[in-house]
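# I'll drop the sequence and a predicted model, then ask my questions.
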Amino acid sequence: MTAIPSSCDVLVIGGGPAGSSAATHLAQAGIDVVLLDRATFPRNQVGESLIPHIWKFTDMTGVSEKIEQEGFLAKAGSITAWNGKIKQIRFSDFGYTRPGLHVERDIFDDILLKHAQSCDARVFHEVAVKKIDLSDSRWPKVHYTDKRGSSNDDGSIRCRFVVDASGPSSLLANQFKTRRTISTQTNFLSLWGYFTDSRFVGVDRQSHSEDELAKVKPVTFVMSFEDGWIWHIVLRGKTSVGLIAPTERTKGMDRQQREAFFLNVCTKLPHLSRLLETAQFIEGSLQFRPNYSYYSDNICGENYYCIGDAAAFVDPVFSHGVQNALYNAAAAALAIKESLKHERHRLRYSQLCESRMQQFYGFSRALSLGDFGCNGVNPQLVKNLMKAMPPLELELILFASETTNRSENFRRLAREAGVLGCFEESFSGKAHERIEALDF
Ligand SMILES: Cc1cc2nc3c(=O)[nH]c(=O)nc-3n(C[C@H](O)[C@H](O)[C@H](O)COP(=O)(O)OP(=O)(O)OC[C@H]3O[C@@H](n4cnc5c(N)ncnc54)[C@H](O)[C@@H]3O)c2cc1C
């Protein structure tokens with residue numbers, strides 16, 4: 001068993017997309033990085049629909065080819081049935097030449113983490129971080145329990161920067177007591193599980209059996225129902241189906257009751273029930289996450305960076321999570337690299353990074369939840385980001401918000417930022433292009 005070193009330049013907590021990508025960026029710059037994850041990989045994770053935006057980040061770390069070689073399903077876009085209106089997004093209509101992906105996250109995350117290792121990040125599995133001591137501003141100390149094999153040994157490691165990429169555990173934000181649940185009118189939960197032999201929705205708007213995956217590109221299918229909305233994401237050999245509903249909706253239910261509720265929704269909804277007609281639910285696959293939207297208003301400091309879900313998570317409706325994690329990883333790695341070169345500016349770099357990351361979360365929040373000016377969102381930061389975005393990317397996002405009737409606030413921000421004019425005309429054309437019915 002390799003000994004965990006007692007010091008390093010950067011200690012990364014968590015080997016999900018955020019942590020592994022940050023570790024890769026830093027190791028590629030010759031920085032001594034140690035990454036600890038409490039799990040053994042490959043490990044289970046939700047979030048299987050990836051948008052094409054991820055490629056610009058995976059190109060930066062040089063992992064794109066390994067992802068392509070895995071042969072994940074390429075998705076062409078999405079079809080949304082929201083309050084009876086059916087809309088389609090094809091990424092190619094917005095200038096994207098590379099597809100989105102439907103990935104098994106255990107495999108995807110493992111590729112990213114192995115890539116970090118191949119770039120000389122030192123990775124340790126089954127090591128759980130317990131506490132982060134930032135009191136010595138030059139040498140933070142991270143306390144962990146090493147659970148490898150049959151051991152259960154406490155230890156600590158000193159470093160110059162801590163990157164908290166611990167996902168929803170949000171270790172630092174919890175330690176700072178800055179983690180807040182986002183409450184709009186209500187809080188939401190997610191329940192998700194897996195089916196075999198489901199039909200899938202193709203880019204041709206028809207339903208197909210799994211053996212047609214080689215012939216027809218799939219899309220992510222999303223539909224609303226009286227309590228919330230559901231996703232349907234076909235993978236290789238199984239399909240992920242998830243449900244979003246107010247947390248209150250399953251209050252007091254035990255695991256069995258939640259499963260009955262989930263399966264009942266699946267069998268009663270139009271379209272979804274047809275897709276699942278011949279499918280079998282994989283016993284024991286149901287998972288549950290209540291109150292999944294949260295944020296923190298302190299995510300970067302002179303010796304720490306919280307990235308990915310450790311900093312915030314908004315809402316899965318536009319499949320932003322992994323993209324956000326990769327973006328944060330790139331931003332934090334850049335700030336750390338510069339801080340190591342110019343130590344006296346490290347506070348300034350962390351402030352710049354915080355502002356960039358808050359822009360992105362604010363943007364996601366304005367887009368997904370339609371609320372801003374509260375819950376820690378600074379509308380000016382969101383507008384700044386809108387101004388910096390390529391017009392087609394912004395147009396795709398505005399169109400996506402339109403598919404789920406969430407565009408009102410988002411459009412207002414874009415108008416105030418002075419960026420709506422350049423694409424409003426073409427947007428209106430696409431927004432009114434409705435599919436009258438789905439043939440399944
Ligand atoms: C219901 C739902 C659906 C979603 N759907 C999508 C989607 O379709 N597309 C999309 O892009 N995103 C989606 N997401 C979001 C996506 O899953 C996350 O944004 C993404 O996984 C964030 O990556 P991360 O690296 O920040 O965290 P994670 O992937 O959560 O990784 C965190 C890592 O930290 C480790 N860790 C935690 N605590 C400790 C500790 N104490 N010590 C050491 N290690 C620790 C964990 O073992 C884990 O490996 C969804 C999220 C939810 C809740």
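Sure, I can see it. Residues are numbered from 1 along each chain as shown.

# S183: neighbour count?
By other Cβ atoms under 10 Å, 13 other residues sit near S183. Where C-beta positions appear, they are placed from N, C-alpha and C, glycine not excepted.

# show me the contacts for the closest residue to the ligand within the stretch 151-300 of the chain.
Closest contact between the stretch 151-300 of the chain and the ligand, by Cβ to the nearest ligand atom, is at G167 (2.3 Å). Contacts for G167 (Cβ atoms under 8 Å, 6 or more residues apart in numbering) come out as 14, 16, 18, 308-310.

# can those go into a markdown table with extra columns for distance to R249, secondary structure and pLDDT?
Shown next, in a markdown table, are the contacts of G167 (distance: Cβ to Cβ, whole Å; DSSP: H, G, I helix; E, B strand; the rest coil; pLDDT from 0 to 100):
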| residue | distance to R249 | secondary structure | pLDDT |
| --- | --- | --- | --- |
| G14 | 30 | coil | 98 |
| G16 | 28 | coil | 98 |
| A18 | 30 | helix | 98 |
| G308 | 28 | helix | 97 |
| D309 | 23 | helix | 97 |
| A310 | 27 | helix | 98 |
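
# Including distance to the ligand, could those go into a markdown table?
Below are the contacts of G167 laid out as a markdown table (distance: Cβ to the nearest ligand atom, whole Å):
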| residue | distance to the ligand |
| --- | --- |
| G14 | 3 |
| G16 | 2 |
| A18 | 3 |
| G308 | 2 |
| D309 | 4 |
| A310 | 6 |
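
# Separate out the buried members of these.
Those of the contacts of G167 that meet the buried threshold are 14, 16, 18, 308-310, by 16 or more other Cβ atoms under 10 Å.

# List just the nearest of these to F195.
F195 has its nearest neighbour among the buried ones among the contacts of G167 in G16, at 24.8 Å by Cβ to Cβ.

# Distance-wise, check that closest one relative to F41.
10 Å (Cβ to Cβ, to the nearest Å).

# Name the residues contacting each of those two.
Residues touching both G16 and F41 (Cβ under 8 Å, 6+ apart) are D109.

# need the longest helix for this protein.
Assignment by DSSP state H gives helix 346-368 as the longest helix of the chain.

# Going by neighbour count, list what's buried in that one.
346, 349-350, 352-354, 356-368.

# go on, stretch 287-299?
Neighbour-count burial for stretch 287-299, with 16+ other Cβ under 10 Å as criterion, is recorded at 289, 292-296, 299.

# re earlier: can you tell me which residues contact the closest residue to the residue of the stretch 151-300 of the chain closest to the ligand other than its chain neighbours?
Of all residues not flanking G167 in the chain, D309 sits nearest, at 4.3 Å (Cβ to Cβ, 6 or more residues apart in numbering). D309 makes contact with 16, 18, 167-168, 170, 321, 325, according to Cβ under 8 Å, 6+ apart.

# And H232, by the same measure?
Contacts of H232 by Cβ under 8 Å, 6+ apart are 198, 200-201, 220-223, 239-241, 272, 275.

# Dump those to CSV, plus distance to T403.
Formatted as CSV, these follow (distance: Cβ to Cβ, whole Å):
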residue, distance to T403
S198, 22
F200, 19
V201, 14
T220, 11
F221, 12
V222, 8
M223, 11
T239, 21
S240, 20
V241, 19
L272, 17
L275, 19
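
# Pipe the residues you listed into TSV and attach secondary structure per row.
Shown next, in TSV, are the contacts of H232 (DSSP: H, G, I helix; E, B strand; the rest coil):
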residue	secondary structure
S198	coil
F200	strand
V201	strand
T220	strand
F221	strand
V222	strand
M223	strand
T239	strand
S240	strand
V241	strand
L272	helix
L275	helix
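
# What is the least confident helix or strand in the protein?
helix 421-431 (a mean of 63; mean pLDDT, DSSP states H and E).

# can you give me the end-to-end distance of stretch 27-40?
21 Å (Cα to Cα, to the nearest Å).

# One more: stretch 312-322?
The first and final residues of stretch 312-322 sit 12 Å from each other (Cα to Cα).
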